[in-house]
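1. Need coordinates for the following:
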Amino acid sequence: MPSLYFAQGIPYVVVMTVAVIMFKRLGVSNSQIAFYTSVLYLPWVIKPLWSPLVQRIGTRRGWVIVMQLLVGTGLGAAALAIPAADFVRYTLAAFAFVAVASATHDVAADGFYLLALSSHEQAWFVGIRSTSYRLAMIAGQGLLVMLAGQLETSTGLPLVRINVAATTEAPQPLMADPASFAANDGDGPQHVVASSDELQLSIDDRSKTDVEALVAQVRKWNVDHGYYLAPEEAKPKGDKDSPGWLARLEDWIHTSFGPQQAGDQAASDQVGDLAIVYLRLAEPVPAGEEQVVQFGLAGGDPSFKVVEGERFVVTEQNWSEPFASLVQVESKLEEPSTATFEVRSGNLTLAWSATFFILAGLFGLVCLYHFFALPRPAADGQPTTPASNPLGGFFEPFVEFFRKPRILALLAFLLLYRLPESQLVKLATPFLIDPREKGGLALTTGEVGFVYGTVGVIMLTIGGIIGGFVAAKHGLKRWLWPMALIIHLPNAAFLFLAMMQPDDLWVITAAVGVEQFGYGFGFTAYMLYCIYIARGEHQTVHYALCTGAMALGMMIPGMWSGWLQQLIGYEHFFIWVMICTIPSFATVAFIPLDGDFGRKTTEEAA
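-> Residues are numbered from 1 along each chain as shown. As a prediction, this is how the structure comes out:
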């Protein structure tokens, strides 16, 4: 039933996508996000190891109900862990629990699907199945993220806008003196007070030494007052804390492929002008709570950027002191220009904890519904191997899988077909959220929920339904290459966004929609080919092996994607994603496929 695949999609989306957005909003770095959430793929990779137990013990229906109950419990544990001081460790533990339960649920749910349908019915139903799964994605990374964004806004303070202009006037003397800024309007509701709503910079350059000294001074003030942690210092080549080969590799990658402007500024004694803005809260922060304040480019010329002081955590201990941000204009700017920066705030911890509590409750209701509504097929729970040889019966499905003809070509396809997407998906949401000065698009949480989690998933769903329809009508073989092209080439939409950094939300939405439609259409080929490989007596275990290989192919590239992006920047990272389509296309050329698979045969028609 469709609701079963809706329930299958929710925990996967939460662990793989919603967790990425949450960690990003809570200040975790891209490299940590990509690595940790990629490791969480592991249960989906190794689920074939216990898939024979699901096939041989109890009923698949029973496994489904129990696993849904455990998933809801894990989501509730994540909600409790978010406010903890060491929230990253505890939420990862909760997500790992959810991932194991969800992976086991997948094995049982897929067993239901494969028991009842012929290959033609599977080809057609893959679109309906995908629709239910995509609806879960809309509910998870769309509506759920929009809910979190709304809670962030409702727990936040009034928006503050600061207009910045670069003029032909000479640079003004600058010195950092945050202690001189006092908020005089302490009466009334809580709000952020800015030292000025207008900043003026010069298109003439400043001394690089003076700028670095000012940045260090502002950073020291903010760090000493607990507004954020000191950033990790860049490790020199051959640093003793890192393997020499790794330090040399990182140095070579960053030098050869990193953002060009960084090298240009480093080679010059002059850099763009700076302006400083002081911020502070007007009222105390209640005990035990924190207010996260973020400062970044909201619109206008992307030549302006925040070079220090983007995110501040204000508590009852430091609320009475000001915090400082530095805005810099690029030295290459030669004409007067303007931009708008915004100061946003919110109780992010409360917002995300409440969101996960709501999700846990809703998932509990889904579990209760399935307890009463899920059918009880007669074939469910029937043993497929003799009880007299349980050990041989346990290992037999694995042995038979690796005896399949052209197994190496099959494994290459399973591992590499999604190589580009495995890396893009980990950095798509950080790219949408990151400030423009870091190469991102500076969208709010709610905007990400709309663009990527709602419109994007709708296009993904439409692509999946159309892919299932054409495969059922003409067979998979006829559409295999078109699907391979359509899943990968639209990845260039993210390269376009990284190069152009458009301000128009609808342009961003259209680009993401194109990429997601292509992914939904082309992913149909992958799912159908997993069904093709799994045909036979041990289809539940073999299908679990296919999806486990898929998860491995997503996990390993995802682990290095954040590290690579931080070295080379978003634009070059998306170029790398396009290069990764080459091995994916190569695997399609070597896999075996029956011409009639997926198409309705004469026997099925009768």
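
2. Can you show me the strands along the stretch 151-300 of the chain?
-> All strands of the stretch 151-300 of the chain, identified by DSSP state E, counting those that start in this stretch, fall at 160-167, 192-194, 198-202, 206-207, 270-271, 274-281, 291-300.

3. Against which helices or strands is the second one packed?
-> With contacts defined as 3 or more C-beta pairs under 8 Å, 6 or more residues apart in numbering; DSSP states H and E, strand 192-194 has these neighbours: strand 160-167, strand 274-281, strand 337-346. Bear in mind the C-beta positions are built from the backbone N, C-alpha and C, glycine included.

4. tell me, which of those strands is the model least confident about?
-> Within the helices and strands packed on strand 192-194, the stretch with the lowest mean pLDDT is strand 337-346, showing a mean of 91.

5. How about the contacts made by the nearest residue to residue 201 once chain neighbours are set aside?
-> Once its chain neighbours are removed from consideration, residue 201 has its nearest residue in residue 273; the separation is 4.2 Å (C-beta to C-beta, 6 or more residues apart in numbering). Remark: with contacts taken as C-beta atoms under 8 Å, 6 or more residues apart in numbering, residue 273 is in contact with 166, 171, 201-206, 328-329.

6. Next one, pLDDT for residue 273 please.
-> For residue 273, the model assigns a pLDDT of 94.

7. so how far is residue 309 from it?
-> Residue 273 sits at a distance of 17 Å from residue 309 (criterion: C-beta to C-beta, to the nearest Å).

8. Then residue 79?
-> Taking C-beta to C-beta as the measure, residue 79 falls 31 Å from residue 309.

9. neighbour count winner among those two?
-> When residue 79 and residue 309 are compared on other C-beta atoms under 10 Å, the one with more neighbours turns out to be residue 309, at 25 against 21.

10. who's in contact with the more buried one?
-> Contact partners of residue 309, counting by C-beta under 8 Å, 6+ apart, are 218-219, 222, 227, 295, 323-326.

11. Quick check, pLDDT for it.
-> Looking at residue 309, its pLDDT reads 92.

12. For it, give its distance to residue 399.
-> 60 Å.

13. quick one: which helix or strand includes residue 543?
-> Here residue 543 sits within helix 539-579, counting by DSSP states H and E.

14. Past that helix, which element shows up next along the chain?
-> Next in sequence after helix 539-579, counting helices and strands by DSSP H and E, comes helix 581-588.

15. Could you tell me how far that next one lies from the centre of the chain?
-> Between the centre of helix 581-588 and the centre of its host chain there is 24 Å, according to C-alpha atoms, centre = their mean, to the nearest Å.

16. got the phi/psi numbers for the residue nearest to residue 201?
-> For residue 273, the backbone dihedrals (degrees, to the nearest 10) come out as phi -70, psi 160.

17. what's the answer for residue 323, then?
-> Backbone torsions for residue 323, taken as degrees, to the nearest 10, come to phi -130, psi 160.

18. thinking again about what came up before, tabulate the strands of the stretch 151-300 of the chain in CSV, adding columns for distance to residue 148.
-> Listed next are the strands of the stretch 151-300 of the chain as CSV, based on distance: least, C-beta to C-beta, whole Å:
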stretch, distance to residue 148
strand 160-167, 22
strand 192-194, 21
strand 198-202, 31
strand 206-207, 40
strand 270-271, 38
strand 274-281, 23
strand 291-300, 13
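
19. Highest mean neighbour count out of the ones you listed?
-> Using mean count of other C-beta atoms under 10 Å, the stretch among the strands of the stretch 151-300 of the chain with the greatest mean number of neighbours is strand 274-281 (a mean of 23).

20. Please enumerate residues in contact with that strand?
-> The set of residues external to strand 274-281 that reach it, using C-beta under 8 Å, 6+ apart, is 157, 160, 162, 164, 174, 176, 178, 181, 183, 190-196, 199-201, 206, 211, 214, 218, 291, 293, 295, 307, 312, 314, 319-328, 343.

21. And the pLDDT at residue 383?
-> Predicted confidence (pLDDT) at residue 383: the value is 55.

22. Is residue 328 in contact with residue 307, as I believe?
-> Yes - checked against C-beta atoms under 8 Å, the pair residue 328 and residue 307 is within contact range at 4.6 Å.

23. between those two, who's got more neighbours?
-> residue 328 (22 against 18).

24. In terms of residue numbering, what are the domains of the protein?
-> Structural domains annotated on the chain: 2-154+350-605, 160-235+272-346, as defined by automatic domain parsing.

25. Could you list the low-confidence segments of this structure?
-> Per-residue confidence for the chain (pLDDT under 70) gives these ranges: 1-2, 112-131, 134, 183-187, 232-243, 260-268, 377-393, 598-606.

26. what sits against the closest residue to residue 205 other than its chain neighbours?
-> Sequence neighbours aside, residue 270 is the residue nearest to residue 205 in space, at 3.7 Å (criterion: C-beta to C-beta, 6+ apart). Taking C-beta under 8 Å, 6+ apart as the contact definition, residue 270 lies against 205-208, 331.

27. among the helices and strands packed on strand 192-194, which is nearest residue 102?
-> Between residue 102 and the helices and strands packed on strand 192-194, the tightest spacing by C-beta to C-beta is seen for strand 337-346, at 29.2 Å.

28. mind checking how far that closest one is from the chain centre?
-> Using C-alpha atoms, centre = their mean, the offset of strand 337-346 from its chain centre is 25 Å.

29. Same question for stretch 18-32.
-> Once both centres are worked out by C-alpha atoms, centre = their mean, stretch 18-32 turns out to sit 8 Å from its chain's centre.

30. what does stretch 132-141 give?
-> Chain-centre distance of stretch 132-141: 14 Å, with C-alpha atoms, centre = their mean.

31. CA atoms only: put that stretch into PDB for me.
-> Once non-C-alpha atoms are left out, stretch 132-141 reads as follows in PDB (Å, rounded to 0.1, in the frame of the first residue of the first chain):
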ATOM      1  CA  SER A 132       4.500   7.700  -2.200                       C
ATOM      2  CA  TYR A 133       8.200   7.900  -1.400                       C
ATOM      3  CA  ARG A 134       8.500  11.400  -2.900                       C
ATOM      4  CA  LEU A 135       5.500  12.500  -0.900                       C
ATOM      5  CA  ALA A 136       7.500  11.500   2.200                       C
ATOM      6  CA  MET A 137      10.300  13.600   0.900                       C
ATOM      7  CA  ILE A 138       7.900  16.600   0.500                       C
ATOM      8  CA  ALA A 139       6.700  16.000   4.000                       C
ATOM      9  CA  GLY A 140      10.200  15.600   5.300                       C
ATOM     10  CA  GLN A 141      12.600  17.900   3.600                       C
END
